[in-house]
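J.: return a 3D structure for these sequence lines:
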Amino acid sequence: MEAQEEIRCQGHPLVLGTHPSTFELTREPHLTTNGNCIIGIAADKGCAGLSPAFKRVLAHDDAILITRLACDGIDVEVRSQGSSQFTLDHPTDMVWRRSRFVCGRTMGIRADQVAATLPRELIRALAKGKEMVVTLVATRPG
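T.: The predicted model follows:
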């Protein structure tokens, strides 16, 4: 089974990309220096805006999520896992986590990239306010 989503968001001069255990996209139109995990703002959807079909695929313990971040000619792929505990119901935020912590904002757990490990050229492009296209591909056996 496979399902896809696409999200468009913007960078911001305060994108720092220094958080050691997560990265986040938000629908919120602003950012402060406290949001060092946020790499994209003004996203066109949060977790709650994902399609029911996508949520059904991702909300399983055997689901794999491939997240492609594309900005200003820079492409990065992040691999994470789904979970049967996902609710995917937060209206504004999506968070990818290195840990297994789950809440309504969690999009992926056990992520192989977090804000601090993303390529610095991506963070620099986002800090210039560039648009980013995020492609989500959730798969599971069966």
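J.: helices along the chain, start to end?
T.: 52-58, 120-127 (DSSP state H).
J.: would you list these in a markdown table and tack on mean neighbour count, mean pLDDT and distance to residue 4?
T.: (Each C-beta comes from the backbone N, C-alpha and C, glycine too.) What follows is the helices of the chain, written out as a markdown table (neighbours: other Cβ atoms under 10 Å; pLDDT from 0 to 100; distance: least, Cβ to Cβ, whole Å):
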| stretch | mean neighbour count | mean pLDDT | distance to residue 4 |
| --- | --- | --- | --- |
| helix 52-58 | 17 | 98 | 7 |
| helix 120-127 | 18 | 98 | 21 |
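J.: mind putting these into a markdown table with distance to residue 86?
T.: Putting the helices of the chain into a markdown table (distance: least, Cβ to Cβ, whole Å) gives the following:
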| stretch | distance to residue 86 |
| --- | --- |
| helix 52-58 | 6 |
| helix 120-127 | 26 |
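J.: surely residue 10 meets residue 131?
T.: Yes - with contact defined as Cβ atoms under 8 Å, residue 10 and residue 131 form a contacting pair (5.8 Å).
J.: so which of the helices of the chain comes closest to residue 21?
T.: The minimum distance between residue 21 and the helices of the chain falls on helix 120-127, with 16.2 Å, by Cβ to Cβ.
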